[in-house]
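> show me the folded form of this:
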Amino acid sequence: MTRLRAAFAMRDAALLPDLFDDAALARLRGVADVAPGVLTAADVAGGALRDVEVLLTGWGAPRLDADLLRGAPRLRAVVHAAGSVKPIVTPATWEHGVRVTSAAAANARPVAEYTLAMVLLAGKRVLESADAFGAHRAFGGWSVPDPRGNHGLTVGVVGASRIGRQVLRLLAPFDVELLLHDPWVDAAGARALGAASVALDDLARGSDVVTVHAPDLPATYRMIGPHQLALMPDAATLVNTARGRLVDTPALTREVVSGRLRAVLDVTDPEPLPPDHPLYDAPGALLTPHVAGSLGNELRRLGDLAVREVERLAAGAELEHEVRAEQLGTTA
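The predicted structure is shown next:
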């Protein structure tokens, strides 16, 4: 067991207790000498990383460029207690031999849980029923489009990302049919995930609910565009918890405002939408303010995962959630 020298670097000290409870901090101090407080970008520029071997980062951490790394000659690993590492890493990170790990797997769980809830609510037409019941305040005299249940519902998952895979696992116990579109997953791989591999157009055409979990890349910009939206069956629902840029917002707005499609959007393009945007008040649309990811006590999962990675590093074991430079082109 190697004892490490570690430090925290993130937006501000207020994040620290949200991510790391007393038990997690005690475990961390069991394997590392931890610098007090939280380093800011100014601290890092002032040479505070000279003796640091492990940097535990969070939202708002400084970018790991060549200048920063020259001031951190002993740095061995960056353990990111958040999701994507793209805001903080540069090619210089790996060129300097620094290993990178991320808590994205822990952050995927609440997003998948949010998605499961919204898919099942969409299948039951709960949001539309609630709107109609609130307007009429009586049983009868109003209706919602079929189907009004989840038995036999077809759910199309776009992207076998960490979140997409968790969504597939969460949906597996239900009586639903699962379709998957991911150019990096073949038919056998999709079957192993409990889904049928299909082209994106076929997924749109055959799904009662389409849920988006692909990474935000140049190739995925507006991958759900006017053509795919037009293929979706009447009264189908689009759920987006990935990034707003993956969906053509004007095209989706036209379909939802017309009453043909429904949408549950935790992300939009732009984000947030302008205050007068028609999707806020459109029947069949639910907009939430980017809350699917880790919030409140869910943040502790990120800190726990980060501490486990430091413990593994100290023990000389393989990191469970290492991010390699070549993965950045195909991941969020």
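> contacts and neighbour counts: CA atoms only from here.
Fine.
> which residues sit in contact with Ala105?
Applying Cα atoms under 8 Å, 6 or more residues apart in numbering, we find Ala105 in contact with 83, 162-163, 321.
> what is the mean pLDDT for the helix or strand that contains it?
Following DSSP states H and E, one finds Ala105 within helix 104-124. What helix 104-124 shows for mean pLDDT is 97.
> from the contacts of Ala105, which is closest to Pro226?
Ile163 (24.8 Å; Cα to Cα).
> now the farthest one out in the protein, which residue is it?
In the chain, counting by Cα atoms, centre = their mean, Gly141 sits farthest out from the average C-alpha position, at 40.3 Å.
> quick check, pLDDT for that residue.
For Gly141, the model assigns a pLDDT of 82.
> and the next helix or strand past the helix holding Ala105?
Using DSSP H and E, the helix or strand that follows helix 104-124 towards the C-terminus is helix 126-136.
> of the contacts of Ala105, which is the most crowded?
Most neighbours among those, by other Cα atoms under 10 Å: Ile163, with 26 neighbours.
> what helix or strand is that residue on?
helix 162-171.
> mind listing what's buried in that helix?
162-168, 171 (16 or more other Cα atoms under 10 Å).
> same check, this time on stretch 292-302
So, applying 16+ other Cα under 10 Å, buried residues of stretch 292-302: 292-294, 298-302.
> what's the separation between Gly244 and Leu265?
8 Å (Cα to Cα, to the nearest Å).
> can you classify Pro73 by secondary structure?
Put simply, Pro73 is coil when judged by DSSP: H, G, I helix; E, B strand; the rest coil.
> next, count neighbours for it.
Pro73 is flanked by 14 other residues according to other Cα under 10 Å.
> and the residue nearest to it when sequence neighbours are not counted, how many neighbours?
Leaving aside its sequence neighbours, Pro73 sits nearest to Arg50 (Cα to Cα, 6 or more residues apart in numbering; 6.3 Å). Other residues near Arg50 come to 15 when the count uses other Cα under 10 Å.
> does Pro36 count as helix, strand or coil?
Using three-state DSSP, the structure places Pro36 in strand.
> got the phi and psi for the nearest residue to it once chain neighbours are set aside?
Distance criterion Cα to Cα, 6+ apart; nearest residue to Pro36, sequence neighbours excluded, is Ala7 at 7.5 Å. Phi and psi for Ala7, reported as degrees, to the nearest 10, are phi -150, psi 160.
> now do Arg99
Main-chain torsions, Arg99, degrees, to the nearest 10: phi -90, psi 150.
> which residues touch it?
Going by Cα under 8 Å, 6+ apart, Arg99 touches 76-78, 93, 322-324.
> between these, which has the most around it?
Going by other Cα under 10 Å, Val78 tops the contacts of Arg99 with 28 neighbours.
> and it, helix, strand or coil?
Three-state call for Val78 (three-state DSSP): strand.
> run the chain-centre distance for the helix holding Ala105.
Relative to the centre of its chain, helix 104-124 is centred 10 Å away, using Cα atoms, centre = their mean, to the nearest Å.
> for stretch 280-293, same thing?
Distance of stretch 280-293 from its chain centroid, counting by Cα atoms, centre = their mean, is 16 Å.
> model confidence over it, on average?
Here the average pLDDT along stretch 280-293 is 96.
> buried set for that stretch?
Applying 16+ other Cα under 10 Å to stretch 280-293 flags 282-287, 290, 292-293 as buried.
> secondary structure and distance to Ala195 added to these, as JSON lines?
Formatted as JSON lines, the buried residues of stretch 280-293 follow (DSSP: H, G, I helix; E, B strand; the rest coil; distance: Cα to Cα, whole Å):
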{"residue": "Ala282", "secondary structure": "coil", "distance to Ala195": "32"}
{"residue": "Pro283", "secondary structure": "coil", "distance to Ala195": "31"}
{"residue": "Gly284", "secondary structure": "coil", "distance to Ala195": "27"}
{"residue": "Ala285", "secondary structure": "strand", "distance to Ala195": "27"}
{"residue": "Leu286", "secondary structure": "strand", "distance to Ala195": "27"}
{"residue": "Leu287", "secondary structure": "strand", "distance to Ala195": "28"}
{"residue": "His290", "secondary structure": "coil", "distance to Ala195": "27"}
{"residue": "Ala292", "secondary structure": "coil", "distance to Ala195": "23"}
{"residue": "Gly293", "secondary structure": "coil", "distance to Ala195": "24"}
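> alright, I will stop here.
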